[in-house]
Every structure is written in structure tokens, then in C-alpha cells.
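A.B. asks: missing the sequence, but the structure's below:
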């Protein structure tokens, strides 16, 4: 397919919108509706993946829609970080679209058309964020994403759902208007531009003493990155159906947050500026605290989705921390972690959903002995969990490796200890779920001890479309370990902008 | 019943039954004495001076066991707790496993 | 030799294939064939570096073959064979698959030429092995397994942190000799030390091994700790501090082994004590001492497996391995009793492998002229024979007949267990009878003869007087059959003290956050509600909703713009 880059970008942003309209038109025909949803996701992935060779060879495809003010336009430019985020979002959308069918039908949910429409709309917004050429465009799509996911969070329309969705919307809109918009206007006034430029646009234009304040406005303004103390919306959104949780935690929403965080660090401030002024030191400490505290809270949660939600809060701060280290290796680790965490966490959420569809259980303490009935689901959960912990041969090991190298590079060895402690906390709150499911005798099986294996109770898995997607992403976690080199090559020009500098040369393997 | 003569037991068990008594102790003692006597007949190549002491190895071994037994008694007195001490977080307090009879022929 | 398939991958490939085979004899035969094929491959390896590969630009080495890695690779494969034969009757797919993965990871780690490859397999042993504990299927085994897993993974993350620091400093990822000094190398030493059960880092061992299944403990006893010894010998040979660490390891666990009631825990502590021998020899670091490490690892794997197998058979037939519930078992389990006694003798009696390897280590310490260390080792040899060679068989198989009144006596161990134990005993004997062949396999070319009259006579004296002392003290009532109960070790520090601190921390953080976020949410809600009242659809400031919100947004923006403009002009 030969398209001009500008047309292809427009197509990528608009494809899910077209899907939204078509889904709306197939309201009475569920099969057609879901076929549209899957075809759209495939087409989107095809278009997005089409940019990859060009971006990897150094091209930066761009498109401008229209100019709002002189020098401020709604425009797109594809650079490596955005490429990575768009690939993650569009690739995982395919799996999620499949999973939605199994979950929504298996649970006999209502208002499925509205659900699929909002879902497609959210993806459109995520692609807009990924490809945004300037902070203004990013902000517009950021808000579209928040608003389009609101009906998804409130999907069940009961009191709990409405209250959760209110918190969701309140914090995300509140922080984005209250902090981020101010930061953007401030940046505009300082730099006279909002365009993303490698190395930043602020160097020499701002008093270094005030730099941490601007960074703070961004860091807290990007509420989707769930930096403590603005993390409450994420557990609150747990009332949503599980595919939405997957969308929030892996595909689009939180990833949009940490992606924006990285974008701001690399393209607005520039890591050199942050490193020289040490403006991000406080953010590093806050992210480290966020990692440890959220993990500790996760330990205490018995509700599976709540535990996973706090796990996400913790893991997102890895990426924020990677940026705040203000070193090339930290940015590399953070960017990699976007993909690695997405693949691992979506696996965990889809497994949680599969357990719910098959057994209607939400509390971990009720899941004893379930593993023997749902071996594929819990097997996939185990692999996803091991990847989140950062064990080889799973993808999560590499992002942790680069984050640790980044911490050593920044001279903050203590952050290595934070990553180590966090890994152990991950073990402590993720693996009991699998271990209890497989090895603690269920109250259903009377016998005790090694004979607790049910004789022939058979496998009682959730519907195929609920089980297959997490198995696919679990295999994805494994593949990411061996193909992490591709991500490294993709991100390299962003993380190591000056290949001639001595520091870069000494570390580049 | 005396295991040495109980014909319901396997032959090997009756043989082992002979070990289960005083005779083994005297046999061991005899062997030990003969071995120590060899010290006087055969000159060792010592590396350390103290090795040359008569009965060094025999005495050291016996003393080691005595010290170990006393230390173990002290540790038991200090650190012994009921099996339920860590329950339910360890297997110590759980009922025995089911004894298996199968022969998997 | 590019046609050689890496032995670790043989195990891993077999683990993937295994679940698709029908349960039964075919699968059991397949399981037995895997380690034999791997051992055959390792046997044929010639020294050199092969199977290098690239990951993220790092050039890594899957197979670094030298005599040290060959010795460990061979004994790991062969011990895996014996353990799988012992577990012939186990039908549980999870245990079969994880045993293969565990053995494969350990062998992969042994042949790893760089730290990244080592780390991959290092964590592999941690994750695969825990299933052998969980497979017991009880609440207590679940918790024990979690503790075990956390500390094993802690070893892995400390290793990776050390690797990162070391790599950052030196730019090298080679799994070679390191000089202790930097933070990175210390972290690597601690990572190895956890798996080698250094003092204070050791409690996972006596905690976990008695909790696994009867067959699982045999498998566990083979790999993890000896992999750590191999890694220490590879990277820290001649590091002096290891000598003193090793001495503590000889003493402390020995006292617990002499006091414990659970006989599998006795063996776990005894294992820890024997690791001390090897750690001391690594600290000495001469070629003779390192030969002693390799030889002792081989002998130790064999006789410790044999002892764990015997206790496993007792547990399998009677349901318990606690001395307080055993006694007089020789009546119905005479073969197991005999093999257990042979296992005890194999530790240090002439004609057995343990005699050769222990003599090597003792001689290397004597040659380095360390009289105190040497005396500590002599105490250790007498003590270990007392604990595992005399006290343990006596408590399990002799003395008071605990099964006299039972309707049916425990049966003799099944044929596969007896066969596995018999083969293991035969191996101990073969290595002891052919010391020349044994020595020729060791990493360094150092002439050594264990069978001198000096060694034989002194060792026999030590052994006989150890046994005499035991029987005499038993007669005088100074040694008794232990009563039920557990001994707390330094694990009290983490299982009681640290747990309490963590719980307190979690409680405080949860409540603080809860309070803060509740307050914040309430404030925010109130704020939003008040704005909504003023600007919402029914509010006085708006006739229609879009206009109302537009007014609000513009007002907010103008306000901030004003503030910013002022701050600019100041």
C-alpha cells in the first residue's frame, strides 16, 4: 500500500473513528459489530506497523491538520517513542478486541454497542497522543481519551460504577486542567513553541531554580501516570468490566500517561537539562516512594483487580523514575518498560477476567484450588506475573536491567535497591495467587495433603475467547525477551541523542 | 519379641537385629582399641605438631561428639519450641502425610 | 563442535514435550532417558567456548566448557537420573516438568560463560524448584514455598544488581574470577552466598527441604547449593573471607543437626555443614583445594541424595520423618536401613567417595598450614559422621520398636526407590574404589593419593571413636530420642521480628494513605459540587450546560494566564 505519510497518519487516527461509526451502525447485529471491531483493529495495526521501517531508518513522517495560532497547530509527527506506544496500543487492541467478545458475551453484559464504540474512540485518542507533534495536540487527545473512557468505567451504571467513574473523571480532568494546562501555557510563554524537539525546548529559557516547579506541574498534571498521591482514580476505575481494565492498564490510558511523561522529559525538558540542573531529583524520590508504597498496599488487597491496580500504580512509577534519573539508560529502561509492562499486565487482567467469567470469583482468598480447574488461565497468569517481577526469560527482565544500569549511571545506587525491593514485593503479592490456586487444597476437595489433587474433576475453563488472548500475550512476554533488541534499536536515537559523546560510547554495547 | 530369632521378619532384618544391641558396641570398642594401638606400631607423618600426641585422633573424635552433644542440649534448652510455634506457616504442625502402600510394579 | 546440543536445552525441550506423553511407564522411561542423554552429551564435550549468541548487543556464551563445568554438569545430570528413578512412581506432571526444568537450569548455569546467561538460569532454578515444595499440597507447604521463593529470587535480584554495577564499572559481563572490593562484586558474592546458605542467609534451607514431597527433597538437595558452590569456585576462589564464613557454616548448622527431631531437617542442616567444607576450600583456593571442592561436591551430592532417599522412603511408607515417631524400622525395611547406613559410611569411610574428597579438602587446608581451620574441619568430620552416619540411622531404624503395636508394619520401600538407592550407593563405592579415575576428572592436574596408611588409619580412628562415643553416651542417657518440637534458628529474625515490622509498616501506610485520600477526595468532591452548583446547568451563571462550562474554563485559563504574565514581568 503506497500512501503519503501525511495521509497514512490521518488514516491511523481516523480508522478507529470510522470503526466507531460502523460499530454504531451494527447495533442490532452483534456478530457484524464484533467483526467490525476486530477488522478495524487489524487494519489499524497494519497501518501503524507500516510506519515502523521508515521510523527505524530515521524518517519522521509528519502531518499537519490545521493551525490554531501562528506556530501552534494540530499536527502529528512520528518519532520512536510514539511509534513504540502506537505499536503497543494498536497491537494489544487486537487481543483485547478478541477478549472483549469472550468476556462481554460470557458475562451477558448490557449496552455492548456503546461499549465497543467508546473502546474504538479511546484507541483513536491513544493513536493521536502517540503521534502528536506538539504538546498542544497531545493535550487535546489526552482529554479526548479521558472523556471517551468515562462511559466505559461507568459501564455497569450502578452506584459503585458511577462513584468510581466520578473519581476517575474528577482526578484526571482536575489534574490535567489544574496542572498540565498551566504547565503547557507556561511552556508556551517561555519557549514560544510547544513542538517536541529532541533535547528539549526549554534549555536557556528558564531559570533553573524554577525548573522543578514546572516539572512538578507536568508530573502531577499527567494524572494518567498515576504518580502518588494522584493515583486514586486507578483503583477506583476497577468497577469497570475487565476488558476496560485491560484498556486502562495496558493498552491505552496509563500508557498514555507514562508515555506523556517520557515525552515531556525527553522532548520538552531534555534529559541533559534535567541532568545538569538536577531538577528531576525530587521526582525520582517521589517515584521511588510511589513504587514501594503502592506495592505494599497491593500486598494487603484481597480483591484481585484491586491488587493488580496497585501493582500498576507501582509499575508506572518505574517509567517515571526512568525519566527522572535523567540518563540515557534510564530513558531506555523506561521506554522498554512501556512495552514490557503492557504485555505482562494485560495478561494478568485478562486472566482475572477469565476467572470472573468462569467462576464469578473476585477475591483471591476464594481462589484456592482453582488452578487445577483453569490450568491455562493460571499458567498464563504465572508467566505474566514472572514478567512483571522481571525474571528471565521474560520481557520484564530487560527493562529492569536498563533501569538498574540507568540508576548506576546516574550515581543513584540506592534506586537499584528500590528496584530490588520492588521485585521482591511483586513476588510477594503476585505469586501467592498462582501458588494458592494450584497447590492449596480447595474447600471443595475434602482430602488433605499431597492427595489433594482432585482425581478427575476435569478442566472447567472460561470460554475460548477469554482464555486464548491471555495465553497469546503470555507467549508475547516470552518473545519480548528475545526481541527486546528491536525495541532497543528503535528507541536508541531518542535515548542516546548524541552518539559521539564519550559517555554514550563507553556504554553502548 | 527378639528380632534376631523372629522368623516372620526378612533374613536381612534378622541380621541387622544382631547390630541392635550391646554386641555392636563391644565390637566397635575392640576395633577402636586396635586402631589406637596401631599408633604405637606405625609412625605417622605429621604436618602439625599436635598430631603427634598419642591418641590424638581418637580423643579428638570422642571429645568432638561430647562437645556437640552438650551444645545440642544447650540449644534444645534455649531454642526448642512447640511444633505449632510457626503454625500455620510451616509443615511442622501438620498431621503426618498418608502412609503409602503402593508398590508400583 | 557445533553439532552438540546444549545439555540444558535438552532438559528444557524435554520439559516442553513431557506433558503431551501419556502418563505411565512410557513417560517414566522418557524421564529417565533425558538426563542420560544429557550426561552422554556432556561426556563428549571438549574444552572451549561454543554457542555464543547476541542479545541486545551483548555477546553471550551459552557453553563455556572446561573441566570444572564438566564435573558439575556430569554429576548434576547423573544425580538427576538417580532422583528421577527414585521418583518413578510419581504421576504428578507438575513435579516431573519442574524437575526437568530445575535440572536443566542448574546445568545451564554451570555452563554459562557470562553473567546474563548465568542470571537467566539462576532464576530458572529458583522458580522451577519451588514447585517441588508446593507439590506437597498443604497450607504449611504453600507458606514455606513462598518464603523459599522470595529468598531465592532475592538472590537473583541481588545478582542482577551486582551485575549491573559490575558491568557499569568494568564493562565486562564475563562469568570469571572476580576481585572482591566494589559494591558490585560484594552484591554478587551475597547473591551466591544466599544460595550457598551462608550464615544468617541459610535458614531457607532447613526451612524448605523438610517441607517438600518425599521425592522433591532429593531433587532439591542436588542442585541449588552446589550450583552456588560452583559459582563461588568460579568467581571467588582464594577469597580469604570465605574461609571464616565456611568455619561458621561447619559449626552452627552442625549443632542444630545434632539437636533436631525432623530427620530430613537433620539432613538439611548436615548438608549446610558440608557446604561449609566446600566454602572453606574455595577460600583456600589452591589447585588442590579446588580439586577438593569439585570432588567433594560430587561425593556429597551422591551420599546426601542417598540419605535423603532413605529418609524419603521412610516418610513415604510411614507418613513421617520425625525421630519422635520412628524407631525399630529395620524389622520391616531392612534394605532401606542398610542403604541408609551405607549412605552414612559413604560420607567419610575409606573405600567410599566421601573419604577421598574429604581427605583432599583436609590435606589442602593442612598444606596451606591453617591449624585452627584444619582442627575445625576435623571436628566437622567427626560431627557430621555422628549426626548423619550414626545418630540418624539409629533413630530411624533401631532402638525402641515404635511399630510393634501397629496392625501392619510399614512395608519395605518400593523397588524403584531401592534401585535408586542401590545405584547411588554403588556410585559412592565405585568412586571410592577407583580414586585414580576420580582424580583424573578433577579440574586441576595435581597428584594426590588419599589411600595412604596415614589417612586410612587416622580416619578409621575418628570414625570408630565417634561411633563409640555415641553408643556410650546413649547408654548413659546423654543422647536421647528427641521429643516433638522445633528449634528456632535465626529465622526467628525474619519470621517473627521482620514480619511484625512489615505488618506494622503496612498498617501505618494503609491508614495514612486512606486518611489522606479520603480527605482529599472529600475536599475535591465538595469543591466540584460547589462549582457545579454555581456553573452547572441549574446554576445561576449558565443558561445552558456548554456555555456554563465554557465560561468556567475560560475563567480558569484567564486567571492562570494573568498569574503567569505577572510572574514573567517581575
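C.D. replies: Structure's in. What do you need? Computed from a predicted model, the values in this text were never measured in an experiment.
A.B. asks: alpha carbons only for contacts and neighbour counts from here, please
C.D. replies: Fine.
A.B. asks: need the contact list for the spatially most central residue of chain B.
C.D. replies: Central residue of chain B (C-alpha atoms, centre = their mean): residue B:65, 9.9 Å from the mean position. Contact partners of residue B:65, counting by C-alpha atoms under 8 Å, 6 or more residues apart in numbering or on different chains, are C:382-383, C:386, C:466, C:469-470.
A.B. asks: Tell me which stretches of chain C form strands.
C.D. replies: In chain C, the segments counted as strands under DSSP state E are C:48-55, C:58-65, C:486-487.
A.B. asks: Make TSV from those and add mean neighbour count and mean pLDDT to it.
C.D. replies: Listed next are the strands of chain C as TSV, based on neighbours: other C-alpha atoms under 10 Å in any protein chain shown; pLDDT from 0 to 100:
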stretch	mean neighbour count	mean pLDDT
strand C:48-55	13	86
strand C:58-65	20	90
strand C:486-487	20	92
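A.B. asks: Mind putting the ones you listed into CSV with distance to residue B:94?
C.D. replies: Written out in CSV, the entries for the strands of chain C read as follows (distance: least, C-alpha to C-alpha, whole Å):
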stretch, distance to residue B:94
strand C:48-55, 47
strand C:58-65, 43
strand C:486-487, 13
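A.B. asks: Show me how chain C divides into domains.
C.D. replies: Domains of chain C are assigned by automatic domain parsing as C:1-178+C:190-214, C:237-489, C:536-570.
A.B. asks: Quick one: closest of those to chain A.
C.D. replies: Counting by C-alpha to the nearest C-alpha, chain A lies closest to domain C:1-178+C:190-214 out of the domains of chain C; the figure is 4.4 Å.
A.B. asks: Adding distance to chain B, write the strands of chain C out as a markdown table.
C.D. replies: Written out in a markdown table, the entries for these read as follows (distance: least, C-alpha to the nearest C-alpha, whole Å):
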| stretch | distance to chain B |
| --- | --- |
| strand C:48-55 | 39 |
| strand C:58-65 | 37 |
| strand C:486-487 | 4 |
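A.B. asks: For chain A, which segments count as strands?
C.D. replies: For chain A, the strands defined by DSSP E cover A:62-69, A:72-77.
A.B. asks: what's the closest non-adjacent residue to the residue in chain B that chain A sits nearest to?
C.D. replies: Among the residues of chain B, residue B:97 lies nearest to chain A; the distance is 6.4 Å by C-alpha to the nearest C-alpha. Spatially, and ignoring its direct neighbours in sequence, residue B:97 is nearest to residue C:319 (4.4 Å; C-alpha to C-alpha, 6 or more residues apart in numbering or on different chains).
A.B. asks: what does residue A:175 give?
C.D. replies: If you skip the residues right next to it in sequence, residue A:175 has residue A:221 as its closest partner in space, 4.7 Å away by C-alpha to C-alpha, 6+ apart.
A.B. asks: dump the residue contacts of the one you found.
C.D. replies: Listed by C-alpha under 8 Å, 6+ apart, the contact set of residue A:221 reads A:175-181.
A.B. asks: now the nearest residue to residue A:52 once chain neighbours are set aside: how far from residue A:479?
C.D. replies: The shortest distance from residue A:52 to any non-neighbouring residue, by C-alpha to C-alpha, 6+ apart, is to residue A:83 (7.1 Å). Computed with C-alpha to C-alpha, to the nearest Å, the distance linking residue A:83 and residue A:479 is 19 Å.
A.B. asks: Can you pick out the residue with more neighbours from the two?
C.D. replies: Set side by side, residue A:83 and residue A:479 show more neighbours around residue A:83, with 23 against 14, by other C-alpha atoms under 10 Å in any protein chain shown.
A.B. asks: is it true that the more buried one touches residue A:131?
C.D. replies: Yes. Residue A:83 is within contact range of residue A:131, at 7.4 Å (criterion: C-alpha atoms under 8 Å).
A.B. asks: how's chain B carved up into domains?
C.D. replies: Taking automatic domain parsing as the domain assignment, the ranges for chain B are B:1-42, B:47-94.
A.B. asks: Centre of the chain to the last one, how far?
C.D. replies: Average the C-alpha atoms of domain B:47-94, do the same for its chain, and the two points are 12 Å apart (C-alpha atoms, centre = their mean, to the nearest Å).
A.B. asks: cool, stretch A:283-299 as well?
C.D. replies: For stretch A:283-299, the distance to the chain centre is 17 Å (C-alpha atoms, centre = their mean).
A.B. asks: Stretch A:389-399 too?
C.D. replies: In this view, stretch A:389-399 has its centroid 16 Å away from the chain centroid, taken as C-alpha atoms, centre = their mean.
A.B. asks: Buried residues in it, which are they?
C.D. replies: Of the residues in stretch A:389-399, A:389-399 count as buried by neighbour count, 16 or more other C-alpha atoms under 10 Å in any protein chain shown.
A.B. asks: likewise stretch A:198-205?
C.D. replies: Going by neighbour count (16+ other C-alpha under 10 Å), the buried part of stretch A:198-205 is A:198-203.
A.B. asks: Tell me, how many residues neighbour the closest residue to residue A:32 other than its chain neighbours?
C.D. replies: Nearest residue to residue A:32 in three dimensions, chain neighbours excluded: residue A:26, at 6.3 Å (C-alpha to C-alpha, 6+ apart). The burial metric for residue A:26, expressed as a neighbour count using other C-alpha under 10 Å, is 16.
A.B. asks: do the one 3 residues further on as well
C.D. replies: Close neighbours of residue A:29, defined as other C-alpha under 10 Å, add up to 11.
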